[in-house]
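Asker: Fold the stuff below for me.
(one chain, ligands or ions: 1)
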Amino acid sequence: MKKVFVTRQLPDSVMAKLYDQFEVDMWPYEKKPVTREVLLEKAREVDGLITMLTEKIDDEVFEQAKNLKIIANLAVGYDNIDLEAAKKHNVTITNTPDVLTDTTADLTFALLLATARRIPESMTYIKNDQWKTWSPLLLAGSDVHHKTIGIVGMGNIGEVVAKRATGFDMEILYYNRSRKVEAEEALNATYVSFDKLIKQSDFVVCMTPLTNETKGMFNEEIFKQMKSSAIFINSSRGGVVDEEALYKALDSGTIKAAGLDVFDNEPIRHDHPLLELDNVVALPHIGSASVETRLNMMELAIENVEKVLRGKEPVTPVK
Ligand code: DGY
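Answerer: The predicted model follows:
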């Protein structure tokens, strides 16, 4: 019987499908990542792995995994996996696109609204018993409607963020490796250079995956070119941002605020300087975290494993 290891505890209701067909072993914790030692030990034994974005799947893993045919990553992003090494060792990599698109776009837009309208700060204000009277500029934030949103990385999620923005009568700019003519027509989105987007947007929304090209692309120079009223939103990967530069930009008023669902090192330290700023709204990487979507992601990952271990084509291979 083929063997599968799952690096996090997933509900039996979704796992049942795999139990029927394969010998399945699972890391027994939901809130604690698998240790490197156990990951390497299991990789040596199994034909399939279901991994989380918390695992670094590098050459060392592939070197030991002599029987491994598939790694199904429970995320749309796969920057945690060394694709060159996977290719060298002939291991299929799959991700979970599409099923999380709407949910992640919803969270991105929620983060944008929460940051612009200072919602977490307002809640803290009440909880700390600071609300003594209504006043004209009390916790006044920035409007979202009729402003310019600049989306960097117009993939599926970027397009749905743009769709959300149309409901707020926003002007939509986007920058992407290639033009998306259909999206331009459907959403009235305008393709612009990165430089122009950075200078003209009221909301700069980072949706680009983390690659060698995008690593640290939001740096000091880029923040300096943004409007001083600009709000920066990131729900893709923390590594795309130079966090020290972002801190300086926020602390000095170079830009107005930031909404961050992702960080360079996750979990971010609770005493990280970014978290001390009032103009930062920070979330613990919950872009796709609705129960429905997470279950759909699990089902898709399981289907990919099933397919590959039965000699079929996976549903969502990483190309
Ligand atoms: C992904 O799927 O890559 C997300 O970041 C996880 O929520």
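Asker: of all of the stretch 101-250 of the chain, which residue lies closest to the ligand?
Answerer: Thr104 (6.6 Å; Cβ to the nearest ligand atom). Heads up, the C-betas are built off the backbone N, CA and C, glycines and all.
Asker: What count of nearby residues applies to that residue?
Answerer: 24 (other Cβ atoms under 10 Å).
Asker: In contact with it, which residues?
Answerer: 76, 157, 160, 235, 287-288 (Cβ atoms under 8 Å, 6 or more residues apart in numbering).
Asker: just these that are near the ligand?
Answerer: Among the contacts of Thr104, the residues that sit close to the ligand (Cβ under 6 Å from any ligand atom) are 76, 287-288.
Asker: Against Thr254, how distant is Asn208?
Answerer: That one is not Asn; residue 208 is Thr. 21 Å (Cβ to Cβ, to the nearest Å).
Asker: So for these two, which residue has more residues nearby?
Answerer: Neighbour totals were compared for Thr208 and Thr254, and Thr208 leads with 23 against 18 (other Cβ under 10 Å).
Asker: who are the neighbours in contact with the closest residue to the more buried one other than its chain neighbours?
Answerer: Excluding the flanking residues, the one nearest Thr208 by Cβ to Cβ, 6 or more residues apart in numbering is Gly153, at 3.1 Å. Contact analysis of Gly153 by Cβ under 8 Å, 6+ apart lists 175-176, 206-209, 236.
Asker: Could I get the buried residue list for the helix or strand Met123 falls within?
Answerer: If you go by DSSP states H and E, Met123 is part of helix 119-127. The neighbour-count check on helix 119-127 (16 or more other Cβ atoms under 10 Å) flags 119-122 as buried.
Asker: Then stretch 202-211?
Answerer: 202-210.
Asker: ditto for stretch 243-259
Answerer: Result for stretch 243-259 [16+ other Cβ under 10 Å]: buried residues 243, 245-247, 249-250, 254-259.
Asker: Walk me through the domains of the protein.
Answerer: Per the TED database, the structural domains of the chain span 3-95+291-310, 100-282.
Asker: what about the last one, how long is it end to end?
Answerer: Across domain 100-282, the terminal residues are separated by 20 Å (Cα to Cα, to the nearest Å).
Asker: for it, what is the average pLDDT?
Answerer: Confidence over domain 100-282 (mean pLDDT, whole number) is 98.
Asker: Run through who's touching the helix or strand Ala301 falls within.
Answerer: Applying DSSP H and E as the criterion places Ala301 in helix 291-309. Residues from elsewhere that reach helix 291-309 (Cβ under 8 Å, 6+ apart): 2, 4, 10-11, 14-15, 17-18, 21-22, 47-48, 50, 69-70, 72-75, 92, 94, 96, 99-100, 102-103, 288, 313-317.
Asker: Show me those that map onto helices.
Answerer: Of the contacts of helix 291-309, the ones assigned to helices by DSSP state H are 14-15, 17-18, 102-103.
Asker: Pull the contacting residues for whichever residue of the stretch 201-319 of the chain sits closest to the ligand.
Answerer: Among the residues of the stretch 201-319 of the chain, Ser288 lies closest to the ligand, at 3.6 Å counting by Cβ to the nearest ligand atom. Under the criterion of Cβ under 8 Å, 6+ apart, the neighbours of Ser288 are 75-76, 100, 103-104, 107, 294, 297.
Asker: So Leu274 is in contact with Asn265, correct?
Answerer: No - the criterion here is Cβ atoms under 8 Å, and Leu274 misses it with Asn265 at 11.3 Å.
Asker: Which one of those two is surrounded by more residues?
Answerer: For Leu274 versus Asn265, neighbours defined as other Cβ under 10 Å are more numerous around Leu274 (18 against 10).
Asker: Surely that one is within a strand?
Answerer: No - counting by DSSP: H, G, I helix; E, B strand; the rest coil, Leu274 is not found in a strand; it is helix.
Asker: how near is it to Asp102?
Answerer: As judged by Cβ to Cβ, Leu274 and Asp102 stand 28 Å apart.
Asker: Just send the contacts of Thr104 back as CSV, with distance to Asn279 too.
Answerer: Listed next are the contacts of Thr104 as CSV, based on distance: Cβ to Cβ, whole Å:
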residue, distance to Asn279
Val76, 29
Ile157, 25
Val160, 26
Ser235, 17
Gly287, 21
Ser288, 26
